[in-house]
Each structure stands twice: as C-alpha cells, then as structure tokens.
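Asks: Please find the sequence and the predicted model below.
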Amino acid sequence: MPQTRDQIRDDIQRRFARIAQSPQKEQKFPCGPASAKRLGYNPDDIDALPAAVTESFAGVGNPLALGELRAGQTVLDLGSGAGFDSILAARQVGPTGQVIGIDFSAEMIDKARRNVMSLGITNTLFTQGEADALPVPDRSVDVLITNGVLNLCFNKPTVLAEAWRVLRPGGRLQMADILLEDQATPADVTRKGTWSD
Ligand SMILES: C[S@@+](CC[C@H](N)C(=O)[O-])C[C@H]1O[C@@H](n2cnc3c(N)ncnc32)[C@H](O)[C@@H]1O
C-alpha cells in the first residue's frame, strides 16, 4: 500500500535523525567530508572543521558557490542539518551579520547548536521549523541558501513562496538540489531510492 504523506514525512525525519546521530551508518546516499569535497567545497575549509560538523553533511551541491555573501548580511539556511553551510556562511557575514538555520529535525538542530558552540561562533540562530511555514518575518533575509531540501518537500510551490516572502527586495535564493528528469522511469526511481527509504 502506498505511504501517506505523513508517513513519508515521518520517515524522512527519522532518517535525518539517524544521520545526525550515527552518520557512519548511512549506506545509500553520500554524506560527510568526502562528499563535500567531491561537491566542490574547499578541501582546506573542510579539513579545518571538526568531524562533528562535517560527518553529517548531507548536501547535494554547494549553494555558497552561487554568489558571494557580504559582511553584515542576514542569511537563512533552509534545512540547515548539522550546520555545515551555516558555519561557512557565518564566517563570511562576520559579527555584524547573522545566519538563521531552520530544520524540522530536532536532532539536527541540537547538533548544529552544539557545533557552533564548540567553534565559538555567536552569529547563528538554529530553530526547529518547517520549510512551508518559515518562522521568519517577511522581507528580513538577504540571501536564502538551501542544500538538498526542496526535493524532500511535498508542497514545493509553498516552500518557494515562503522563500519569496522572507527575502528582502533584491535578495537572493541560492539553491542546490536534485531533480527527477522527465525521462526517468518508475524502475529508475526504485533503483535510485529515496531519502525516506
Ligand atoms: C539532505 S539534508 C541536507 C542538510 C544540510 N543542508 C547539509 O547540506 O548538510 C536535508 C535536511 O533538510 C531537513 N528537512 C527535510 N524536509 C524538511 C522540511 N519540510 N522542513 C524543514 N527541514 C526539512 C532534514 O531534516 C535535513 O536536515
């Protein structure tokens, strides 16, 4: 019997709780520092970060490579996971800027908070929340970064409308994500699997 949306959502949440707590057990999808290096992050930046920051990296690209952040900007990291992109962004916007990380996984939010504390980073704020109802005021964000999250969301138009709502006029969306190509067959989809399986 096909799963309901609620069951799929619960499976996704459980999967990311596992990736926060036991990332080395993830067999199917590339995670961790080696994956980040393959996706084009600066290897020196990655090697300089503690394992607790890099081991649960589950991104699919590098949204920070899509545009430069400036000192003083407010950045929202949607689906911030264990805080990998948020930490790199926090360094770029500096003490006069701020990075807000939002994720629906309590385990990821806890890990991101522990990670920034261990690094002495004080310009981040991690909040548990949903991509389709961002707990962020209208027009308050300069750059919204997101890495591997929209593909996991049922209501993509609502998530994009939320991104539009929170961005300031002239703000920017920098997204890395995966797509299902038109010619993919159901057999291809089964072979590739999903984040929730
Ligand atoms: C593929 S991981 C990427 C995590 C992080 N961006 C990184 O690059 O390591 C996707 C993240 O999005 C979160 N997520 C998935 N669906 C979400 C939703 N509907 N609302 C908020 N967060 C969500 C997951 O808990 C997970 O931490």
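Replies: Looks like it came in fine. Note that the structure is predicted; figures quoted are calculated from it, not measured.
Asks: For this structure, list the residues in contact with the ligand, please.
Replies: Where proximity means CB under 6 Å from any ligand atom, the interface of the chain facing the ligand comprises 12, 16, 57-59, 79-81, 84-85, 103-105, 108, 130-131, 147-149, 152-153. (C-beta placed from N, C-alpha, C; glycine too.)
Asks: In strands only, show me those residues.
Replies: 103, 147 (DSSP state E).
Asks: And the helices in the chain?
Replies: Listed from the start of the chain, the chain has helices (DSSP state H) covering 5-21, 32-38, 43-47, 51-54, 84-93, 106-119, 156-166, 186-192.
Asks: Can you add mean neighbour count and mean pLDDT and give those back as a markdown table?
Replies: Listed next are the helices of the chain as a markdown table, based on neighbours: other CB atoms under 10 Å; pLDDT from 0 to 100:
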| stretch | mean neighbour count | mean pLDDT |
| --- | --- | --- |
| helix 5-21 | 16 | 94 |
| helix 32-38 | 16 | 97 |
| helix 43-47 | 13 | 97 |
| helix 51-54 | 18 | 98 |
| helix 84-93 | 23 | 98 |
| helix 106-119 | 19 | 98 |
| helix 156-166 | 16 | 98 |
| helix 186-192 | 10 | 81 |
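Asks: could those go into TSV alongside distance to V143?
Replies: Formatted as TSV, the entries for these read as follows, by distance: least, CB to CB, whole Å:
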stretch	distance to V143
helix 5-21	23
helix 32-38	20
helix 43-47	18
helix 51-54	21
helix 84-93	8
helix 106-119	18
helix 156-166	11
helix 186-192	30
